[in-house]
Structure formats: structure tokens, C-alpha cells
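[1] This is a predicted model, with the sequence first.
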2 protein chains.
Amino acid sequence: MKFDLIQKDKATKARAATLETDHGVIQTPIFMPVGTVASVKAVHQRELKEDINPDIILGNTYHLYLRPGLDVLEKAGGLHQFMGWDRNILTDSGGYQVYSLSDNRKIKEEGVTFKSHIDGSKHFFSPESAMDIQRTIGADIIMAFDECTPYPCDYDYAKKSMHMTHRWLDRCISHFNSTPPKYGYEQTLFPIVQGSTYKDLRKQSAEYIASVEAEGNAIGGLSVGEPAEEMYEMSEIVCDILPEDKPRYLMGVGTPINILENIALGVDMFDCVMPTRNARNGMLFTAHGTINIKNKKWEADFSPIDEMGITFVDTEYSKSYLRHLFAANEFLGKQIATIHNLGFYLWLVRTARERILAGDFLEWKIKMVQQMDKRL
Amino acid sequence: MKFDLIQKDKATKARAATLETDHGVIQTPIFMPVGTVASVKAVHQRELKEDINPDIILGNTYHLYLRPGLDVLEKAGGLHQFMGWDRNILTDSGGYQVYSLSDNRKIKEEGVTFKSHIDGSKHFFSPESAMDIQRTIGADIIMAFDECTPYPCDYDYAKKSMHMTHRWLDRCISHFNSTPPKYGYEQTLFPIVQGSTYKDLRKQSAEYIASVEAEGNAIGGLSVGEPAEEMYEMSEIVCDILPEDKPRYLMGVGTPINILENIALGVDMFDCVMPTRNARNGMLFTAHGTINIKNKKWEADFSPIDEMGITFVDTEYSKSYLRHLFAANEFLGKQIATIHNLGFYLWLVRTARERILAGDFLEWKIKMVQQMDKRL
């Protein structure tokens, strides 16, 4: 993997960079649409490529491990082949879903036992198996197996958990380095900073993560319910410690405003289910604020969904029509809203990059944060 | 409306024709995808136009009347504008859904009172209101308000109902002729032959329908549970009576085999929810038979969904991937299967037309009926 820092913003800590893997160049800042179980929900791969156009998407190890399972993925030649996506894929380690979705999970030093949320079957994830599973899925970027602490989390638990995450990281690295990539292209391991919302723990964790000298680094355990200000504070502390010449990935974040604020703190990569999940509930993100398209006020509003026209759905369909599709519970409503939201998120990070390159990111960010903080 | 008979098949009663309205030319035989409530379920308008490519789609008056309602449709400038579809639209009269979906329906000479299946609200459809509603929806082709008898249906009821349908037709024609089109383009009324599965009633009804000299004629009350042979028998009797120089539309039919057999009897137009509804249940139609994609046998079959590659989904996705999407209950599975099935249905009628023009329709039909009558 190759990371080139192209431009550092003067007024903030924002950066424009490129990250290159065997599946192509990723221009950062980047938002990675979440393709949970080998599909970005309600979006065709063709639309993802041609209309939304991200350089990388994310897959969830927990979901992919359960369905279609490693056997099918391996026979297919990995997730890229299986789902027909020839650009980059990052997988999480499976830990987060084990903690949030499965029943009867038990966390021990050795790893985590859990029951599938689908059929109750029993499984075990360890740092080692998480590496093997992600190698088999075939992700370009593989995440370390960590414990993502909840919010709020008491200090002692956060500290203990962080140390275990660090020990698990050592096992991940050791196992990762002793196994070859599976499908003929390079795979890269990113470690994850934890430490809940405690400054000293975040600092300690960031220093430990930096010390292992991985090719990229991630910040986990945020966007789990804490106030945005606390998230920004933690993100800033960590970004200031993580090496400047490596990409920084803030996991599971967030709203369009969260993303701009974290770009300003030096984050390069993001993922979140918000644009896709909220779309399916009728919530649209735009440059001028959010829209609840189910609202009666749009019933006879025949103006385009979004005058900006970032993707084809924005100008081909009206607000009135989209509202109707949600009222009648038609599939197409969710499809349209999802493409709109992902198109907007990708526009947002692409434009952030342009503004960083142009040198006026801060003014633009301030204006956008104001604009987007409205309900239309 | 203009109807040109281009070619009559020598070995069968099949015809290739063109039908022209203010929304363009329809090449027949044609299959009309069903856009129930202003959306062909799970399909973007762009895919409908560019990938599936029908010259006409169908909308359901009952559903559109309830949601979004006539007020919104009228403000939008009609259904074409509302949903963003600039080709032809045919609407049914609403009768069929009133009989099959709503509660407490009461059929009287004056019309039908019914309760909405959505909120239980009370409504009344008459021959006159069905004309007004369809004028407001803005269909290019408007269907007469009829009673669609169930199967089986006793002779006396079928006869009485047929006569009422004929009386209703007179009221439809009279009201239709006394009202102008709403949005600046021509609208055409098609009457409907009824008579259940009774030859003498079908003959009598076809003669009555032919006598009103409409610009096109429809056959209703079939594909309601009767054996295919009975459907073909009725279709043949009726087609032989309906004028040759007008399009013939067989409502609600059917399987790919049903369609080819009825083309051979002289039918020009079809509609059916089967390709879309069955798609959402994981059933695919192909030139070599049907596929239940949920079947475990496809789990590790990485071959394309359909080697024929009629639409992009056929070659961009594998059977294994599509099976996985259904197993994981992902939206995208239904989207892919729907595009595949509609693409196949449109390929089938387009190819039937080509074979009629080439003069070898019968051989091709015999081969296709054999091939398609299989489970893969």
C-alpha cells in the first residue's frame, strides 16, 4: 500500500492524500459506503460505480462469515469476485457486530464466543481467526480484532479493555505476518485505537498503535452515543499522535457535519450506515439540511429531490413522487433515497478534498456546517 | 391512436403490428410491465427505459386513486409527469382490485361501493367515475369498467354479469365521449370481453364488444384460475370475432408459455404481475426454463444468472451471488430478479415479433414452449 500526502490545509489539520492498493487509487478524504453482507443495501453495483463512485467500500466480517460463509467466498475467489466489485474493499474485524448483534457473547483473553443472531449457532472469534477470516474474505484493508467499548464506560473497564485490545493487536500482527494473502493481491492490516472517552487512555492507546508502525491506523470506539464534542476531542488527541504519513480512519462516523469536523482534525477515511439506513427510513441529507421525505409538506412539491443533481435520482424524481413511494411503502423509495444519500456523502468528501487542494477548506467547512444543521 | 398491421403469420394467427399514440409507437406483440402504484416495483425508471425497454407500462387505477390520489396526480400533470415516464401508459379500470383487494364491496347496477384495503375508508366506483379517474390519471389507454367474474363461475351469474358489463360499457363510452382529455394528449378507451369460460357467452360478448367499434379491444376474466387449455379456447373464440384491424389485449396473462400460445391465437398485448411478483420470491424465467434461485443447488454456482445476457444483471451477477442475496433477504436480490424477469419477458415478445416478421414464428414457438416448460 502506498500513501501520498498531497496537500496539508493551512488553517486546519485537514489533508488531501492518495492511497494506492492493488485494487486502485483511493483519493482521501473518503467515505466508504457500507456493504454489510456483500451488498450496499438497495444499490446495484453499476450504480455504486457509475453514479455514487466511491474508490472503496466496506464489508462486515461478522455478517459475511455467517452468510454466505467462508466456503462460498473462498470458492468465488474472494468478496470482490463474489459481488462483482473491482475496486477496494475494507472489512471490519467482526468484533463490533459480535458485541452489538449476537446473543450470549463471552469476551475472554483468548477471544470471543458468541451465538449467531440468525440461527443461534455458536461461534468463536479470536485475533488469529479474525485475520484468517478477513484474508479469506479477501479485503484489501483488514482491521485488527479489538474490543469496542460502549458509552458510557467506566474508567477501569475502558483501561482493562484497551490493554486487551493492544495484546490482541500483537497477536493479530503476528498471525497476519505469518500468513500469505489469498488471491494474489496485497492485503494490509490497520490497528485500532481504543480508550473510550478518556484522554489519557486515548493518548496511551494512540501511542501504542503508532508504535507498531502499521501502514494505516484507525480510531475505534467513537460514535457510540457520546456527544459530538467529546468525539471531536478524542479524535483530535489521537490524530495528533498517529503518524502524519499514514492514513487515519475514524470508524463508524457519522453525520455529514461529523465528517467535516473530523476531516478538519486530520481524519482521512470514514464509514457509517447512516446514509443508507436513514435513507431507508425516508431521511435525506442535502447541502442545505436534512429532509424527512415522509412529511406531508412534500406531498405536492414537484420540485426535484435535490436541485444540486449530484446523482441521477436527484433530478429525475420529484419530492412529491419520493414521498408517495414512502407512503405506499414501495421498494423504489428506499432505492432512490439510498442513492441520493450516498451520492451526497461522496460529493461531500470529494468537495472537501477540492477545497483542501484549493486552500479554502475552512471557510467552506464553516459555511457547510451551518447550512447542513437545518431541517428542511 | 393508429394501428398498423405489419405482418400476419401464415402458420398461426399471430400478428406483428404497430400502435401509435401521442406517447410514441408500441411495437406488438408487447408485454406491459405492471407499475401498480406509480412504480414498477424495485425498478428505477432509468432501468425500465434503458435496460428493459418496453414501449408501454400499466398502472392500477384502484391503487393510484387511493395513493397518491387524484388531487396529487392532477397537480403533477398526470401520471407520466408524476413518475417520470414519457412513454405510453395503460390503466386498468380499478374493478379487478375492488373485487380482489377491498373489503365489503357491493356490486349494483349503478356501480360498486367498497372499502379501502389501506384504511377502511368507503368509496364508490361507477362506469362514469372510472372514466373520470383514468382521464385524471392521464393514461393513454383507458379500460372500460367491467365485472371480472371469478373461476369457476356458474353460468347464470356469468351471463348476468356479462350483460351488466355490456351496459356499463355503454355508460363508459357515453361518459368518455362527453369528456375531454386532461393534459393535451389523446386518450383511447378499450372495451373488455367477459363471459367466463362459456363459449356462447364469450362469443356473444366478443360480438357486442366488436360492435361498439372501439380503437382497441380487451379480453378480461381469464387467467383467474382456469386451466391453460380453457384460457386458450376462450382466447381463440374471442380473437376470431374481434376485428383484425384493431389491437387485442389479453388482460393479466401470464406465464411465458401462455404469452406465446396467445400470440399464436392473435393477441397483441399482455400484462401480468408474474415476472415482477415471482422475481421478488426468487423465481427466474429463462429461455431454458424456470429457476428457483433460493435453491441450495445454486449456492456455489458462479456462472452468470443467464448466459443470454438480455439485461446487465444477467452477466454482471452470478447465480451464487443472487442466491446469497435472497438467503440474506437483501433488497438487491429482488431488484436483480425483477430486472432479469422483465428483461426476459420483453425479449420474449420482441423475439416473437421478429419471428413473425421472419415467417418462422411457429417453429420457434414450438421449440420455446418445450424449452421453457422445465425447472432448472
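    Looks like it arrived, so ask away.
[2] Report pLDDT for residue A:317.
    pLDDT recorded at residue A:317 is 98.
[3] is it true that it touches residue A:306?
    No: contact between residue A:317 and residue A:306 fails when scored by Cβ atoms under 8 Å: they sit 9.8 Å apart. Bear in mind the C-beta positions are built from the backbone N, C-alpha and C, glycine included.
[4] Now for residue A:67: which residues touch it?
    Contact partners of residue A:67, counting by Cβ atoms under 8 Å, 6 or more residues apart in numbering or on different chains, are A:37, A:118, B:324, B:327-328.
[5] Turn these into a markdown table, columns for distance to residue A:52.
    Converted to a markdown table, these look like this (distance: Cβ to Cβ, whole Å):
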| residue | distance to residue A:52 |
| --- | --- |
| A:37 | 18 |
| A:118 | 28 |
| B:324 | 22 |
| B:327 | 25 |
| B:328 | 21 |
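[6] Mind picking the one among those that's closest to residue A:219?
    Ranked by distance to residue A:219 (Cβ to Cβ), the contacts of residue A:67 are led by residue A:37 at 24.7 Å.
[7] What does the pLDDT read for the closest one?
    Per-residue confidence (pLDDT) for residue A:37: 97.
[8] so what's the backbone phi/psi at the residue of chain A most remote from its centre?
    Distance from the C-alpha centroid of chain A peaks at residue A:300, with 35.8 Å (Cα atoms, centre = their mean). Backbone torsions for residue A:300, taken as degrees, to the nearest 10, come to phi -120, psi 30.
[9] How much space separates the closest residue to it other than its chain neighbours from residue A:3?
    Spatial nearest neighbour of residue A:300, excluding adjacent residues (Cβ to Cβ, 6 or more residues apart in numbering or on different chains): residue B:75 at 5.1 Å. Look at residue B:75 and residue A:3: by Cβ to Cβ, to the nearest Å, they are 54 Å apart.
[10] Is residue A:269 in contact with residue A:253, as I believe?
    No: look at residue A:269 against residue A:253 with Cβ under 8 Å: they stay out of range, at 9.9 Å.
[11] Who has more neighbours out of the two?
    residue A:269 (28 against 23; other Cβ atoms under 10 Å in any protein chain shown).
[12] Skipping adjacent residues, who's closest to the more buried one in space?
    Among residues not flanking residue A:269 along the chain, residue A:249 sits closest, at 3.8 Å (Cβ to Cβ, 6+ apart).
[13] That neighbour and residue A:65, how far apart?
    Separation of residue A:249 from residue A:65 (Cβ to Cβ) stands at 21 Å.
[14] same question, residue A:106
    Counting by Cβ to Cβ, the gap from residue A:106 to residue A:65 is 18 Å.
[15] Can you name the residues of the stretch 101-250 of chain A that neighbour chain B?
    Near chain B, no residue belonging to the stretch 101-250 of chain A is found when assessed by Cβ under 8 Å from any Cβ of the partner chain.
[16] how about the strands of the stretch 151-300 of chain A, start to end?
    Along the stretch 151-300 of chain A, counting by DSSP state E, counting those that start in this stretch, strands occupy A:188-190, A:192-193, A:217-219, A:248-250, A:269-271, A:283-286, A:289-292.
[17] Between these, which one is closest to residue B:288.
    strand A:269-271 (41.4 Å).
[18] Pairing partners for that closest one, with directions?
    Strand A:269-271 has the following strand partners under DSSP bridges: strand A:30-32 (parallel), strand A:248-250 (parallel).
[19] and after the first one, which helix or strand comes next?
    Counting by DSSP states H and E, the element after strand A:30-32 in chain order, helix or strand, is helix A:45-47.
[20] Show me which residues of that following helix are buried.
    For helix A:45-47, the neighbour count (16 or more other Cβ atoms under 10 Å in any protein chain shown) marks A:45, A:47 as buried.
[21] residue ranges with poor pLDDT in the stretch 101-250 of chain A?
    Residue ranges of the stretch 101-250 of chain A with pLDDT under 70: none are present.
[22] any idea how far the closest residue to residue A:109 other than its chain neighbours is from residue A:4?
    Nearest non-adjacent residue to residue A:109, counting by Cβ to Cβ, 6+ apart: residue A:164, 6.7 Å away. To residue A:4, residue A:164 is 34 Å away according to Cβ to Cβ.
[23] do residue A:326 as well
    Distance from residue A:326 to residue A:4, counting by Cβ to Cβ: 43 Å.
[24] Which residue of the two possesses the greater neighbour count?
    residue A:326 (21 against 12).
[25] Okay, residue A:367 and residue A:152: tell me how far apart.
    If you go by Cβ to Cβ, the gap between residue A:367 and residue A:152 works out to 34 Å.
[26] quick one on the thing from earlier: for the residue nearest to residue A:269, what are its contacts?
    By Cβ under 8 Å, 6+ apart, the contact set of residue A:249 is A:90, A:190, A:216-219, A:267-271.
[27] In a markdown table, list those along with distance to residue B:23.
    Formatted as a markdown table, the contacts of residue A:249 follow (distance: Cβ to Cβ, whole Å):
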| residue | distance to residue B:23 |
| --- | --- |
| A:90 | 47 |
| A:190 | 54 |
| A:216 | 54 |
| A:217 | 58 |
| A:218 | 54 |
| A:219 | 55 |
| A:267 | 51 |
| A:268 | 50 |
| A:269 | 48 |
| A:270 | 45 |
| A:271 | 44 |
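[28] got a winner among the residues you listed for most neighbours?
    Counting by other Cβ under 10 Å, top hit in the contacts of residue A:249: residue A:219 with 30 neighbours.
[29] Looking at the stretch 151-300 of chain A, which residue is nearest chain B?
    residue A:300 (5.1 Å; Cβ to the nearest Cβ).
[30] Can you name the residues that contact that residue?
    A:320, B:71-72, B:75-76.
[31] Check residue A:371 too.
    Taking Cβ under 8 Å, 6+ apart as the test, what residue A:371 contacts is A:287-289.
[32] Name the SS class of it, please.
    On the three-state scheme (DSSP: H, G, I helix; E, B strand; the rest coil), residue A:371 is labelled helix.
[33] What pLDDT is listed against it?
    97.
[34] Look up the closest residue to residue A:77, ignoring the ones flanking it.
    Excluding its sequence neighbours, the residue lying closest to residue A:77 (Cβ to Cβ, 6+ apart) is residue A:183, at 5.9 Å.
[35] quick one on the thing from earlier: hmm, which of the contacts of residue A:300 are the buried ones?
    A:320, B:72, B:75-76.
[36] any chance of the residues you listed in JSON lines, with distance to residue A:49, pLDDT and secondary structure too?
    What follows is the buried ones among the contacts of residue A:300, written out as JSON lines (distance: Cβ to Cβ, whole Å; pLDDT from 0 to 100; DSSP: H, G, I helix; E, B strand; the rest coil):
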{"residue": "A:320", "distance to residue A:49": "30", "pLDDT": "98", "secondary structure": "helix"}
{"residue": "B:72", "distance to residue A:49": "35", "pLDDT": "98", "secondary structure": "helix"}
{"residue": "B:75", "distance to residue A:49": "37", "pLDDT": "98", "secondary structure": "helix"}
{"residue": "B:76", "distance to residue A:49": "32", "pLDDT": "98", "secondary structure": "helix"}
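[37] surely residue A:330 meets residue B:41?
    Yes: using Cβ under 8 Å, residue A:330 makes contact with residue B:41 at a distance of 6.6 Å.
[38] The lengthiest helix in chain A: which residues count as buried?
    Counting by DSSP state H, the longest helix found in chain A is helix A:331-358. Using 16+ other Cβ under 10 Å as the burial criterion, the residues of helix A:331-358 that qualify are A:331-353, A:355-356.
[39] Tell me what residue A:56 is bridged to.
    Applying DSSP bridges, one finds that residue A:56 bridges with residue A:88.
[40] What pLDDT does the model give it?
    With respect to pLDDT, residue A:56 scores 98.
[41] okay, residue A:344: pLDDT?
    With respect to pLDDT, residue A:344 scores 98.
[42] Find the nearest non-adjacent residue to it, please.
    Leaving aside its sequence neighbours, residue A:344 sits nearest to residue A:285 (Cβ to Cβ, 6+ apart; 5.1 Å).
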